[in-house]
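A.B. asks: Give me a model of this one.
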Amino acid sequence: MKIGDFCRLAVHAQMLPAMESGQEELLVGGQAVMEGVMMRAPHSYCVAVRRPQGGIALHREALQRPSERYPLLRRPVLRGLGTLGQALWLGVRALHHSASVALESEAQAKTATAKNAAESTTGEGNSSESESLKDASSKASSKSSPMPGWMLAANLIFSVGFFVVFYKLVPLSLTTLLGRHYPAFTGHFLFNLTDGVIRLAIFLIFLLAVSRWKEIRRVYEYHGAEHMTVFNFESGQDVTVANARSFPRLHPRCGTSFLLVVMLVSLALFLLIPFESFWLRLASRIVLLPLIAGLSYEVIRFSARRGGKLWAGMVWPGLTLQRVTTQPPDDSQLEVAIRALEEAMTLEREQGGELVVA
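C.D. replies: Got it, this is the predicted structure:
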């Protein structure tokens, strides 16, 4: 894997939480990946990835709900950690598979190009050049194996470090620096408010910046395809490209909405932490991440059950931001999302599961 491929994967890894949607008690959810979509049912999931040649690569597996394996994860806050943990685990596996398909396809394309060039070379005078091209073809072929797991692990470690630096260290450092020049910002409330606003601004700038990258825009389109397919399924209508096309691409259960809630909950929680030391503040922002995620899950779950204006108020900022993180898909992208859903449902039925849309 080249440095460019590593960077591509790093950006995709940073996008995982924003691309995920669905909750444990719901029937289906999904996530956009590189040139594809992962769809999951209660006890199965499938990753469908569009190959450059036009075909669709499929990978499906059975799974178990966290609360079924560990009853403790049925309790408030902990159930959110179980659900979100599984969602990220599935997202990483789906990203791994999609990246492997992408790298394999690129290597095969290079192999084909080198082979064609070698075959087109004729005559004795070109024999050395022909051997060189054949050697290049052989090397390209040897690199066509899927991405090794250790490379993904290294990328995820890098991504976690990136997250801590840009969403924890940088906002805290900038707020501390601001307080040195303007003493009013050293107050506990204003300090934490400023820190939260800077964190949110970095998040928004990142989403807007990467949206200008053609590859990430493709992910946003697959994200839209995933949402429209889920809406189509939840409506009870036949899941087809034509039907999915009639549904909106903005979905209230999107990970983009969840991340905004996480930032609001973290802002409120840090106001209760009386630390004044820079390093204690930084440590608390890292250590309390699981608690913040669990509380955020409960906030969304409560507002969804209450419905009405409370739910509308909670999801409105996320729906607005989804105008960036989701884009209108084409029919081929909807086809990929539908294929992923169909395969996940097929595996669900093979395990004896029965899905009924209320």
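
A.B. asks: Which secondary structure state is assigned to P52?
C.D. replies: Under the three-state scheme (DSSP: H, G, I helix; E, B strand; the rest coil), P52 adopts coil.

A.B. asks: got the residue ranges for the strands in this structure?
C.D. replies: Listed in chain order, the strands of the chain (DSSP state E) span 20-21, 29-33, 36-41, 44-50, 56-62.

A.B. asks: Could you check how far the last one is from the centre of its chain?
C.D. replies: With Cα atoms, centre = their mean, to the nearest Å as the basis, the distance from the averaged C-alpha position of strand 56-62 to the chain average is 17 Å.

A.B. asks: by contact count, what packs against that strand?
C.D. replies: Judged by 3 or more Cβ pairs under 8 Å, 6 or more residues apart in numbering; DSSP states H and E, strand 56-62 is in contact with strand 44-50, helix 78-120, helix 331-350. No exception for glycine: its C-beta is placed from N, CA and C like everyone else's.

A.B. asks: how about 7 Å then?
C.D. replies: Using 3 or more Cβ pairs under 7 Å, 6 or more residues apart in numbering; DSSP states H and E as the contact test, the elements touching strand 56-62 are strand 44-50, helix 331-350.

A.B. asks: need the ones you listed in JSON lines with mean pLDDT, mean neighbour count and distance to E276, can you?
C.D. replies: Putting these into JSON lines (pLDDT from 0 to 100; neighbours: other Cβ atoms under 10 Å; distance: least, Cβ to Cβ, whole Å) gives the following:
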{"stretch": "strand 44-50", "mean pLDDT": "92", "mean neighbour count": "26", "distance to E276": "46"}
{"stretch": "helix 331-350", "mean pLDDT": "93", "mean neighbour count": "21", "distance to E276": "49"}
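
A.B. asks: Just put these in a markdown table and tack on distance to A94.
C.D. replies: Listed next are these as a markdown table, based on distance: least, Cβ to Cβ, whole Å:
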| stretch | distance to A94 |
| --- | --- |
| strand 44-50 | 5 |
| helix 331-350 | 9 |
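
A.B. asks: Out of these, the one nearest L272 is which?
C.D. replies: Checking the helices and strands packed on strand 56-62 against L272 by Cβ to Cβ gives strand 44-50 as the closest, at 37.5 Å.

A.B. asks: Of all the strands of the chain, which one is nearest L269?
C.D. replies: Closest approach to L269 among these (Cβ to Cβ): strand 20-21, 22.3 Å.

A.B. asks: Pull the residues that contact stretch 70-80.
C.D. replies: P66, S67, G82, A293, G294, L295, Y297, E298 (Cβ atoms under 7 Å, 6 or more residues apart in numbering).

A.B. asks: for stretch 257-270, same thing?
C.D. replies: Contact with stretch 257-270 is made by 17-18, 192-193, 196, 199-200, 203, 288, 292-293, 295-296, 299-300, 314-315, 317-319, 321, as judged by Cβ under 7 Å, 6+ apart.

A.B. asks: Got a quick PyMOL command for the buried subset of the residues you listed?
C.D. replies: Here is the PyMOL command that selects the buried residues among the contacts of stretch 257-270 (16 or more other Cβ atoms under 10 Å):
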select buried, resi 17+18+192+193+196+199+200+203+292+293+295+296+299+300+314+315+318+319+321
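
A.B. asks: What about the contacts of stretch 257-270, which are in helices?
C.D. replies: Secondary structure from DSSP state H places 17-18, 192-193, 196, 199-200, 203, 292-293, 295-296, 299-300, 314-315, 317-319, 321 of these in helices.

A.B. asks: returning to what we had before: deepest in the core, which of the strands of the chain is it.
C.D. replies: For these, the largest average neighbour count (mean count of other Cβ atoms under 10 Å) is found in strand 29-33, namely a mean of 31.

A.B. asks: neighbouring strands for that one, and are they parallel or not?
C.D. replies: strand 20-21 (antiparallel), strand 36-41 (antiparallel) (DSSP bridges).

A.B. asks: got TSV for these, with distance to L250 and mean pLDDT too?
C.D. replies: Output for the strands paired with strand 29-33, formatted as TSV (distance: least, Cβ to Cβ, whole Å; pLDDT from 0 to 100):
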stretch	distance to L250	mean pLDDT
strand 20-21	11	62
strand 36-41	17	91
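
A.B. asks: Would you quantify the distance from L90 to G29?
C.D. replies: With distances taken as Cβ to Cβ, to the nearest Å, L90 is found 9 Å from G29.

A.B. asks: ditto for R212
C.D. replies: 28 Å.

A.B. asks: which stretches of the stretch 51-200 of the chain aren't confidently modelled?
C.D. replies: Along the stretch 51-200 of the chain, segments meeting pLDDT under 70 span 105-152.

A.B. asks: Repeat the analysis, applying 90 as the threshold.
C.D. replies: 51-54, 63-164, 166-167, 181-189, 200 (pLDDT under 90).

A.B. asks: Tell me, how many residues neighbour L174?
C.D. replies: Neighbourhood size, L174 [other Cβ atoms under 10 Å]: 16.

A.B. asks: neighbours around the closest residue to it other than its chain neighbours, how many?
C.D. replies: In space, and not counting its chain neighbours, L174 is closest to I198: 5.5 Å by Cβ to Cβ, 6 or more residues apart in numbering. Residues near I198, counting by other Cβ under 10 Å, number 18.

A.B. asks: Which residues are in contact with I198?
C.D. replies: P171, L174, T175.
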